[in-house]
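S.K.: just need the structure, nothing else, for what follows:
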Amino acid sequence: MGSVDAGTHGAFDVKSVAVIGAGPCGLAAAKYLKWQPPSSSSSSRAASGSYFDKITVFEQQPRVGGVWLYSATPPSPSPIPQTSAHAPPDPPVYNGEKGDAASAPIFPSPMYDRLNTNIPHTLMQYSDFPFTDEQGQTAEQGGDLRIFPERQVVLRYLDEYTDQAQIRPLIRFSTSVLKVRLRKTAVQDSGAGEAAAVAARQQKDQWDITSRNLLTGHEQTETYDAVVVAGGHYNTTYVPDVEGIAAFDQEHRGVISHAKTFRSPGAFADKKVMVVGNSASGLDIAAQINAVSRGPVLVSVQTPTSDEARRHAGFDEVAEIARFLPGPRRAVLLKDGREVEDLDAILFCTGYLFTFPFFEGKDGFLGASTAEATESDNHSNNKSSDPPPPPLITDGRRVHGLWKHFLHIRHPTLAFPGLPIKVIPFPLSESQAAVFARAWANALALPPASEMRDWERREEAERSPHKYHVFPALGDARYINGIHDWLRQEQQQGGGCQGKEPPYWSPEMFWQRGVYAQARIKFEQDGRKATTLAELGFVYEPEKEEDGSSQVAVQPEAVNTEPGLDIAG
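M.R.: Model (predicted):
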């Protein structure tokens, strides 16, 4: 099935799935797809152990991990400013002679040297696979495991998850996806009757994937029935076009940079530094630089940082930059009228844009003609009077045309797990994978396209255009449990909806989600040694949570003002 009614069982004809990316979201997708049980009527799929005949994971890096893969060599410097969602991707870095097996190309991520997670591992972990120490012991077994693990621990965890899920044989490492092109194939008439007549009017979406082996240079194009885009969203930097920034960069080369190139604070020793942005990584980087800089780091913010976080890091908070000033002073004018000069380094921690370079080009999915966008909506079998939908990507601040932030409405064999921001990404991506694995196996009926579009319109009305994928406080918890409850209800009512169990958060996990930001500050203050939240003074007391007397209260629909979980997965 492609652009047809996904609200009926048996609508999909998905036998092969391509997963782009072997980071946290791609690994979860591959596991749920592989573990999707075969239908009782398909002996061939039963023999393979999965409903799907072919699952291929394309990964341009030489190993799993995605954003958690650290390289001492930073990526190429970002253009200044950088506001284009269609900027070319960073080139790879080779550690030796091109073509050597030991010198597989590396694509540097934003991961920096001294990084601990900003999420406790008890929340961060996949639902069926706890973190362990180097001896394979979990925290409950007495393992030596920091409550906020180091980056190396997370990378090892993802490696172990890959083996536990038995998905490593599915992955093509050092293989870059060059192009994803939508093709439409006529559905075969399977017989007489109304169902066959409907099918005969439809077309099946398929996807041509062109990939290149980065070790051999060999290119090939293969056709898949469904595609999971799980390449992450920490690739294309965003540096706002503040007045005077381009001229300043030309005059003072190297002073302005983006956090993607940050590796350690040593490069900022004895320098006057301004950090722009107070996301999770912005605050952590500012604190690290503050230990070696000349004078306190200046952090330029839109919204104030919490007093506790500011006191701990020791930086000085200043207003937004209004203008970069010309001349030799290396100065900026702030929005409160203050001028700051003699700046040796200005580091933008302003995030990333959503980009999908393999969809670019006239024959790529993003370059599809407007005729396809304005044709009758076969997905709902109804003519649409709505204006044509926008492209998948416009300014890079969101992805358009998705239901529940992950499933393409017009082409529901295309999924984008892991887009939401300020969430706990590993379990959230499991929830999304549980839906599309079941749906593509015809074990779950999706809502009609009209309902999906109504859902997207409601979200657009309630959310800021530039924060469309930013979830409210506890929004991820409700999202995870909402999907779990929906799938459970479908299973109980219809007797179908079989598939790998999605995660479900207990009241204690809701509580952890509410206290973790304060616990993370205490973790830093105590030297990054604590192995439990209790060691940091945060003890779960169910009776206090039930009567609302907990010392940490999170309003159910509160705006999420915590630092962004921008190096979370």
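S.K.: what's the following helix or strand after the worst-scoring helix or strand of the chain on mean pLDDT?
M.R.: When the helices and strands of the chain are compared on mean pLDDT, DSSP states H and E, helix 370-374 comes out lowest with a mean of 42. Reading on from helix 370-374 to the C-terminus, the next helix or strand found by DSSP states H and E is strand 402-403.
S.K.: how far is that next one from where the chain is centred?
M.R.: Using C-alpha atoms, centre = their mean, to the nearest Å, the distance from the centre of strand 402-403 to the centre of the chain it belongs to is 15 Å.
S.K.: for it, name the packing helices and strands.
M.R.: Applying 3 or more C-beta pairs under 8 Å, 6 or more residues apart in numbering; DSSP states H and E, we find strand 402-403 packed against helix 449-462. C-beta here means a position set from N, CA and C on the backbone, and glycine is covered the same way.
S.K.: next, the buried residues of the helix it packs on.
M.R.: Counting neighbours by 16 or more other C-beta atoms under 10 Å, one finds that the buried residues in helix 449-462 are 449, 452-453, 455-456, 459.
S.K.: am I right that R183 sits in a strand?
M.R.: Yes. Using DSSP: H, G, I helix; E, B strand; the rest coil, the secondary structure at R183 is a strand.
S.K.: bridged to it, which residues?
M.R.: According to DSSP bridges, Q206 are recorded as the beta-bridge partners of R183.
S.K.: surely it touches K204?
M.R.: No. Look at R183 against K204 with C-beta atoms under 8 Å: they stay out of range, at 9.2 Å.
S.K.: which one's more surrounded, those two?
M.R.: Legend: neighbour count by other C-beta atoms under 10 Å for R183 and K204, higher for K204 (20 against 12).
S.K.: which residue comes closest to the most centrally placed residue in the chain once chain neighbours are left out?
M.R.: In the chain, the residue lying closest to the centroid (C-alpha atoms, centre = their mean) is G418, at 3.7 Å. Spatial nearest neighbour of G418, chain neighbours left out: C25 (3.5 Å); criterion: C-beta to C-beta, 6 or more residues apart in numbering.
S.K.: for D249, same thing?
M.R.: Closest residue in space to D249, ignoring its immediate chain neighbours: I80 at 4.0 Å, by C-beta to C-beta, 6+ apart.
S.K.: for Q60, phi and psi?
M.R.: phi -80, psi -20 (degrees, to the nearest 10).
S.K.: helix, strand or coil: sort out the residue nearest to it when sequence neighbours are not counted for me.
M.R.: Leaving out its chain neighbours, the residue that sits closest to Q60 by C-beta to C-beta, 6+ apart is S176, at 4.3 Å. In the three-state summary, S176 is assigned as strand, counting by three-state DSSP.
S.K.: S176 against T210, yeah?
M.R.: No. Applying C-beta under 8 Å as the test, S176 and T210 come out as separate, 9.8 Å apart.
S.K.: ok, so what distance separates V227 from R253?
M.R.: When distance is defined by C-beta to C-beta, to the nearest Å, V227 is 41 Å away from R253.
S.K.: which of those two has more neighbours?
M.R.: For V227 and R253, the more surrounded residue by other C-beta under 10 Å is V227, and the numbers stand at 27 against 10.
S.K.: now do the same for that one: its pLDDT.
M.R.: In this model, V227 is scored at 98, pLDDT.
S.K.: E546 now?
M.R.: Residue-level pLDDT assigned to E546 equals 64.
S.K.: now swap in the one 5 residues further on and tell me
M.R.: Per-residue pLDDT puts Q551 at 48.
S.K.: quick thing: my sequence starts at 11, can you match it?
M.R.: In the new count, where the first residue is 11, that last one comes out as Q561.
S.K.: in stretch 474-490, what counts as buried?
M.R.: Along stretch 474-490, these residues count as buried under the neighbour rule (16+ other C-beta under 10 Å): 478-490.
S.K.: ok, back up a step: what's near enough to touch the residue nearest to Q70?
M.R.: Each residue near S186 by C-beta atoms under 8 Å, 6 or more residues apart in numbering is listed here: 68, 70, 221-222, 224.
S.K.: report the rounded mean pLDDT for stretch 75-93.
M.R.: In this model, stretch 75-93 has a mean pLDDT of 96.
S.K.: equivalent analysis for stretch 406-420, please.
M.R.: Mean pLDDT, taken over the full extent of stretch 406-420, equals 97.
S.K.: all helices of the stretch 211-360 of the chain, in order?
M.R.: Taking DSSP state H, counting those that start in this stretch as the criterion, the stretch 211-360 of the chain carries its helices at 255-261, 290-300, 317-323.
S.K.: quick one: contacts of the longest one?
M.R.: The contact list for helix 290-300 (C-beta under 8 Å, 6+ apart) reads 120, 122, 124-125, 128, 269, 272, 274-275, 278, 283, 285-286, 288, 306-307, 309, 315, 319, 322-325, 357, 359, 534, 573-578.
S.K.: the first one too?
M.R.: Contacts to helix 255-261, defined as C-beta under 8 Å, 6+ apart, come from residues 90-91, 249, 265-266, 334-338, 340.
S.K.: in it, what counts as buried?
M.R.: Residues of helix 255-261 classed as buried: 255, 258-259 (neighbour count, 16+ other C-beta under 10 Å).
S.K.: need the mean per-residue confidence for it.
M.R.: For helix 255-261, the per-residue pLDDT values average out at 99.
S.K.: likewise the longest one?
M.R.: The predicted model gives helix 290-300 an average pLDDT of 95.
S.K.: verify the contact between N452 and Q46 for me.
M.R.: No. In this structure, N452 sits apart from Q46 without contact. The criterion is C-beta under 8 Å, and the distance is 10.5 Å.
S.K.: look at these two and report which has more neighbours.
M.R.: Q46 (26 against 18).
S.K.: residue contacts, A240?
M.R.: 29-31, 33, 35-36, 39, 426-428, 439.
S.K.: and those as TSV, adding secondary structure and pLDDT?
M.R.: Conversion of the contacts of A240 to TSV gives the following (DSSP: H, G, I helix; E, B strand; the rest coil; pLDDT from 0 to 100):
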residue	secondary structure	pLDDT
V29	strand	99
I30	strand	99
G31	coil	99
G33	coil	98
C35	helix	99
G36	helix	99
A39	helix	99
F426	coil	98
P427	coil	99
G428	coil	98
S439	helix	99
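S.K.: CSV for those residues, including distance to T233?
M.R.: Conversion of the contacts of A240 to CSV gives the following (distance: C-beta to C-beta, whole Å):
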residue, distance to T233
V29, 15
I30, 15
G31, 19
G33, 24
C35, 23
G36, 20
A39, 19
F426, 20
P427, 22
G428, 25
S439, 25
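S.K.: returning to what we had before: in strands, which of the contacts of S186 appear?
M.R.: 68, 221-222 (DSSP state E).
S.K.: low-confidence ranges, the stretch 11-160 of the chain, go.
M.R.: Low-confidence segments of the stretch 11-160 of the chain, defined by pLDDT under 70, are located at 11-20, 50-58, 105-112.
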